[in-house]
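> Whatever this is, show me its structure:
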Amino acid sequence: MAWITKEKRLAIYLRDAFACGYCGTDLRQADPAAVTLDHLVPRCKGGGNDPTNLITSCRPCNCVAKHMKTWTDFAPGGAVKRIEYLRNQPLNTELAKALIEGTTGDEAVEARS
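Numbers count the residues shown, from 1 in each chain. Modelled structure (predicted):
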């Protein structure tokens, strides 16, 4: 995926606690192919790749159920409030980078010393 870095993608998944923003499904143990990012405002309608426009989504919600609906029309129950809250939270790109590099835990503490 050339449109987003690995660090930014993982930071968004971390921000969203590896849960689908729409249905709330826990995606921590899901097949990686089942975990997607959804553009709240589609790129074809002027939406960008900034974190405030991206939300973690399970593949069924993003690619099947939502179809051409706006995210606010598709999001069930309290999901709109949850998504509005999550999308405005800061990303922890430092943690995402450390996880990708395998330098979390004791190694990260030693590297900072």
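
> Which pLDDT does the model give the nearest residue to Arg87 once chain neighbours are set aside?
Computed as CB to CB, 6 or more residues apart in numbering, the closest residue to Arg87 that is not its neighbour in sequence is Thr52, at 4.8 Å. From N, CA and C alone the C-beta is placed, and that goes for glycine too. On pLDDT, Thr52 comes in at 95.

> Was I right to think Thr52 contacts Tyr85?
No: taking contacts as CB atoms under 8 Å, Thr52 lies outside contact range of Tyr85: 11.6 Å.

> Which of those two has more residues huddled nearby?
Neighbour comparison, Thr52 and Tyr85: the larger count goes to Thr52, with 14 against 10 (by other CB atoms under 10 Å).

> can you map out the strands along the protein?
For the chain, strands defined by DSSP state E occupy the ranges 35-39, 54-58.

> Please tell me how far Asn49 sits from Thr103.
Distance, Asn49 to Thr103, using CB to CB, to the nearest Å: 26 Å.

> oh, I was asking about Ala2
25 Å.

> so where's the protein uncertain?
1, 105-113 (pLDDT under 70).

> Helices along that one, start to end?
Here the chain has its helices, by DSSP state H, at 6-15, 59, 71-74, 79-87, 93-101, 106-112.
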